[in-house]
Structures are given as C-alpha cells and as structure tokens.
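Trainee: Sequence and predicted model, in that order:
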Amino acid sequence: MQITPQAIADVLLIEPQVHGDARGYFCESWRKDTLEIFLRHELIFCQDNESRSSRGVLRGLHFQLPPFAQTKLVRVLEGEVLDVAVDIRAGSPTFGQHVAVRLSGENKKQLFVPRGFAHGFVVLSETALFAYKVDSYYSPECDRGIAFDDPALGIDWLLPREQLQLSVKDQQQPLLAQLEQGFNYAVNYYA
C-alpha cells in the first residue's frame, strides 16, 4: 500500500498494490497497522457506508462538528468520481483550499479525509458505487455542509453545472465564510 500526502499534507492518497492474473485480481484495500504507523495515531473505523449514484450526482460538501467529527477513507468500487476534500480548520495555512482526485473502480485509489475537512464527490461515469469508512457515527445534530459552488473554494467539478444533480439540502448549504467555526488548526482532534 502506497500512501502519498497531497497538496494539503493531511489529506492522503492511498494506492493498494493490485495483484492480477487471468482469473482477476486481489488487493489489500487498506491495513490498519500501516495507516496508523503513517499517521502516528490510532484509528478506529466504526461504520462503513455505501452509495450508488448516476452521472452528475454531486454529494457534498459535508462534515460533522466535534465531538462527532469524522475521518473518512473513501473509494469507488465501480465507476468514476471526482472526490474533493476542503480544509475548514480555522488558522490552517491551507484553510479554504481543496484537494481533488479522480477515484475509480479501475484505479483503486482511495482518499483519506481527516477530521477538519469537508468532503464531497461528483459522479463522472454513468453510475458509481462509492464506499467509505468513518471513525464516528452519524450525528444529525452535528451534520453540516458548505456550498459546492462557493466561489471562494474555486472547485472545478469537471461537469457543466446544468448536468449536476444535488439534494435539496446540498442546494441550500452556506458559503465557507458563513460557517460557524467548528475546527481549529491548533487542536489535535485525535488526542
């Protein structure tokens, strides 16, 4: 498993080693010990989530406030998405910046999105089967979001706006500048 810090170093690209032959392939999609050695802290995932979406479906940008902040390890089992993580930690040198990576069933890449980041994705293929692990349970009281089209974020979702399909909730998310401050760069949310 290869782990590569992205432009925002806390966001990690994880690429498993894929062993293929005429029968198909095998890969270890993640290893707790390898990831924890890299992170230098314990990580306990408690829930796996899965969604199937059609081309143009945009889910995000979502996050949960402490004490139910979530780390996510996301991947695509079938199809292709553009996956995005936005730094929302007040005081961070990369506050408001984002990482965008194409994840697909073919490339097997995964994105590690730590606490303090908003997350979203848009489906680029006809359909996509998206799966992710989280280290905190869903909490409706702590559930928040940011407008996917906030000009301050400058995210290129790779599809024309008229092709994007969003939930009512995601159409009404606030701009980054309107968010209540829930994360601080100086705080270790894994302590």
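Mentor: Received the coordinates, thanks. Given the structure is predicted, the values throughout are model-derived calculations rather than measurements. Residues are numbered from 1 along each chain as shown.
Trainee: For the protein, which segments are assigned as strands?
Mentor: Ranges of strands in the chain, per DSSP state E, are 2-5, 12-15, 18-21, 24-27, 47-54, 58-64, 72-78, 80-87, 98-104, 110-113, 117-123, 127-134, 143-145.
Trainee: Tabulate the ones you listed (TSV), appending mean pLDDT and mean neighbour count.
Mentor: From N, CA and C alone the C-beta is placed, and that goes for glycine too. Formatted as TSV, these follow (pLDDT from 0 to 100; neighbours: other CB atoms under 10 Å):
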stretch	mean pLDDT	mean neighbour count
strand 2-5	92	12
strand 12-15	94	18
strand 18-21	84	10
strand 24-27	83	10
strand 47-54	97	12
strand 58-64	97	23
strand 72-78	98	21
strand 80-87	98	25
strand 98-104	98	19
strand 110-113	98	26
strand 117-123	98	26
strand 127-134	98	20
strand 143-145	97	17
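Trainee: could the ones you listed go into JSON lines alongside distance to Leu153?
Mentor: Converted to JSON lines, the strands of the chain look like this (distance: least, CB to CB, whole Å):
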{"stretch": "strand 2-5", "distance to Leu153": "20"}
{"stretch": "strand 12-15", "distance to Leu153": "20"}
{"stretch": "strand 18-21", "distance to Leu153": "33"}
{"stretch": "strand 24-27", "distance to Leu153": "33"}
{"stretch": "strand 47-54", "distance to Leu153": "21"}
{"stretch": "strand 58-64", "distance to Leu153": "8"}
{"stretch": "strand 72-78", "distance to Leu153": "18"}
{"stretch": "strand 80-87", "distance to Leu153": "6"}
{"stretch": "strand 98-104", "distance to Leu153": "6"}
{"stretch": "strand 110-113", "distance to Leu153": "15"}
{"stretch": "strand 117-123", "distance to Leu153": "9"}
{"stretch": "strand 127-134", "distance to Leu153": "21"}
{"stretch": "strand 143-145", "distance to Leu153": "12"}
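Trainee: Leu166: which of these is closest?
Mentor: Closest approach to Leu166 among the strands of the chain is made by strand 58-64 (5.3 Å; CB to CB).
Trainee: Can you name every helix or strand that the closest one contacts?
Mentor: For strand 58-64, the packing partners by 3 or more CB pairs under 8 Å, 6 or more residues apart in numbering; DSSP states H and E come out as strand 80-87, strand 117-123, strand 143-145, helix 168-171.
Trainee: same thing but at 6 Å, please
Mentor: Other helices and strands packing on strand 58-64, by 3 or more CB pairs under 6 Å, 6 or more residues apart in numbering; DSSP states H and E, are strand 117-123, strand 143-145.
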